[in-house]
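>>> Predicted model, plus sequence, below.
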Amino acid sequence: MIQIVEAIASDSAAIEQLLDDRFGPARHARTAYRLREGVTPLGPLCVVAREGDRLVGSAQCWPLRVRAVDGACAKLVLLGPVAVAASHEGAGIGSALTQAALARADAGGFAPQLLIGDAGFYGRFGFAAGAGEAWHLPGPVDRARLLLRGDFEGLPRHGWLEADVPVSGRAAA
Ligand SMILES: CC(C)(COP(=O)(O)OP(=O)(O)OC[C@H]1O[C@@H](n2cnc3c(N)ncnc32)[C@H](O)[C@@H]1OP(=O)(O)O)[C@@H](O)C(=O)NCCC(=O)NCCS
């Protein structure tokens, strides 16, 4: 039986192995990875699929912001990667993980959500391309794969999409 539960710290190694298996080691060069470099995931929004003791799926969430030219910042959540063990594909686990992470984000007021992925899969969960077309990202991105979900009317049209971490090098006020 598959269980979808919150990820715990000791899942880290199995999650990394799963991601290496599904995306390859070159995954670290992807723009989505650059967006979360050095960032701690949003623990309560990260879920895994377990079959007994084996981890067979994972969905992680990360804090992002869009920083406008005037310095104003609007928060959003990066969903991803979502990955399912090749041996367990097509059994609804990827959908269940995505829905569980989004339900947790919605319940906690973590919105809107963004991901870089296939609209063919993520459209069914409310993600769509279009918003964020003029944002700067820390690497190349296919804009048709830059997908948002939720109320993004308040986000700046122009700005930098980046990790929502304290800005270093500034003296505390
Ligand atoms: C994408 C992934 C998470 C889907 O997980 P899964 O457990 O196989 O998905 P589900 O069983 O919940 O859903 C399967 C459905 O999604 C569709 N689907 C799967 N991947 C898709 C894609 N890239 N584009 C469009 N549809 C896709 C299947 O055709 C199937 O459709 P159906 O329900 O109409 O038959 C999984 O295939 C995976 O880990 N892939 C490798 C990593 C990856 O590409 N992750 C996504 C980018 S972050």
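Sure, I can see it.

>>> what's near enough to touch residue 47?
4-7, 58-59, 97, 100-101, 104 (Cβ atoms under 8 Å, 6 or more residues apart in numbering). Where you see a C-beta, it was placed from the backbone N, CA and C, and this is true even at glycine.

>>> burial measure for the closest residue to residue 30 other than its chain neighbours, as a count.
Using Cβ to Cβ, 6 or more residues apart in numbering and skipping residues adjacent in sequence, the residue nearest residue 30 is residue 139, 7.3 Å away. Residue 139 has 12 neighbours, counted by other Cβ atoms under 10 Å.

>>> Give me the pLDDT value at residue 139.
On the pLDDT scale, residue 139 is placed at 96.

>>> wait, doesn't it sit right on residue 36?
No. Using Cβ atoms under 8 Å, residue 139 makes no contact with residue 36, being 12.0 Å away.

>>> In three-state terms, label the residue in the chain that the ligand sits nearest to for me.
Per Cβ to the nearest ligand atom, residue 94 is where the chain lies closest to the ligand, at 2.2 Å. Assigned by DSSP: H, G, I helix; E, B strand; the rest coil, the conformation of residue 94 is helix.

>>> residues touching it, list them.
57, 82-84, 121.

>>> List, out of these, those positioned next to the ligand.
Subset of the contacts of residue 94 in contact with the ligand: 82-84, 121, counting by Cβ under 6 Å from any ligand atom.

>>> so can I have CSV of these showing neighbour count and pLDDT?
Listed next are the ones next to the ligand among the contacts of residue 94 as CSV, based on neighbours: other Cβ atoms under 10 Å; pLDDT from 0 to 100:
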residue, neighbour count, pLDDT
82, 21, 98
83, 23, 98
84, 22, 98
121, 15, 96
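
>>> Tell me where this protein has strands.
2-6, 47-51, 54-67, 73-84, 113-116, 128-129, 135-136, 146-149, 159-163 (DSSP state E).

>>> quick one: low-confidence parts of this structure?
168-173 (pLDDT under 70).

>>> Now with 50, please.
169-173 (pLDDT under 50).

>>> nearest spatial neighbour of the spatially most central residue of it, skipping sequence neighbours?
Geometric centre of the chain, nearest residue: residue 79, 1.9 Å, by Cα atoms, centre = their mean. What sits nearest to residue 79 in space, not counting adjacent residues and going by Cβ to Cβ, 6+ apart, is residue 115, at 4.5 Å.

>>> What residues does the one you found make contact with?
By Cβ under 8 Å, 6+ apart, the neighbours of residue 115 are 32, 78-80, 122, 127, 147.

>>> Likewise for residue 146?
114, 116, 129, 132-133, 135, 137.

>>> Cheers, nothing more for now.
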